[in-house]
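Trainee: the following comprises the amino acid sequence and a computationally predicted model.
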Amino acid sequence: MNKPTPSDAWLAEEAEDPALIRAKIVSETARISWLELQKFYAAGSVISVAAELDLIDVAFAFSRDDKQQVAQWLQNAQVVRTSEQQAQQWYQQQAELWAVVISPWVLVQDKPLPQQLN
C-alpha cells in the first residue's frame with residue numbers, strides 16, 4: 001500500500017522553483033515612504049541597491065544566498081548598507097522608494113516610476 005502524501009507536500013517542491021520565488025518577490029515589491037522605513041534603517045537592516053540594477057534580480061540573489069553575485073555587487077558598490085547621509089537626504093526629500101524584504105534585509109532602490117503612456 002502506498003503511503004499517503006501530505007496535502008501540502010507540493011509546497012516544499014514549489015518553494016524551490018526559481019520562477020515561483022521570483023513571482024513571490026515581484027508580488028512583495030512595492031513603493032514605500034522612507035519615513036516608514038526609518039525603523040528598519042535604525043536597526044541596520046536597509047540595503048541600498050543601485051538604480052542600474054534590477055531590484056528583483058538582487059532580491060532573488062539574496063534569497064538564494066548567491067554569495068558570489070552579492071560579493072561582486074558589494075565590491076562594485078552597487079549594493080551597500082544605506083549610509084547616514086543617504087538616509088538624511090531621503091528623509092528631507094520625503095522620498096518614496098522601491099522596497100522588498102528578503103529577511104533579515106530590506107532592499108531599497110531610489111528609482112522613479114516608469115512614465116505612463118498617454
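Mentor: All right, it came through fine. Residues are numbered from 1 along each chain as shown.

Trainee: where along the chain do the helices fall?
Mentor: For the chain, applying DSSP state H gives helices covering 9-15, 18-27, 34-42, 55-63, 67-75, 84-93.

Trainee: ranking the ones you listed by burial, who's on top?
Mentor: Greatest average neighbour count among these goes to helix 55-63 (a mean of 20), per mean count of other CB atoms under 10 Å. All C-beta spots, glycine's among them, are computed from the backbone N, C-alpha and C.

Trainee: that one vs helix 67-75, what angle?
Mentor: Between the axes of helix 55-63 and helix 67-75, defined by axes from the mean of the first three to the mean of the last three CA atoms, to 10 degrees, the angle is 120 degrees.

Trainee: helices or strands up against helix 55-63?
Mentor: helix 18-27, helix 67-75, strand 96-102, strand 105-109 (3 or more CB pairs under 8 Å, 6 or more residues apart in numbering; DSSP states H and E).

Trainee: mind redoing it with 6 Å?
Mentor: Under the contact definition 3 or more CB pairs under 6 Å, 6 or more residues apart in numbering; DSSP states H and E, helix 55-63 sits against helix 18-27, strand 96-102.

Trainee: state the mean pLDDT of that helix.
Mentor: Mean pLDDT, helix 55-63: 97.

Trainee: identify the residues contacting it?
Mentor: By CB atoms under 6 Å, 6 or more residues apart in numbering, the list of residues contacting helix 55-63 from outside reads Arg22, Ile25, Val26, Val49, Gln69, Val70, Trp98, Val100, Ile102, Leu107, Gln109.
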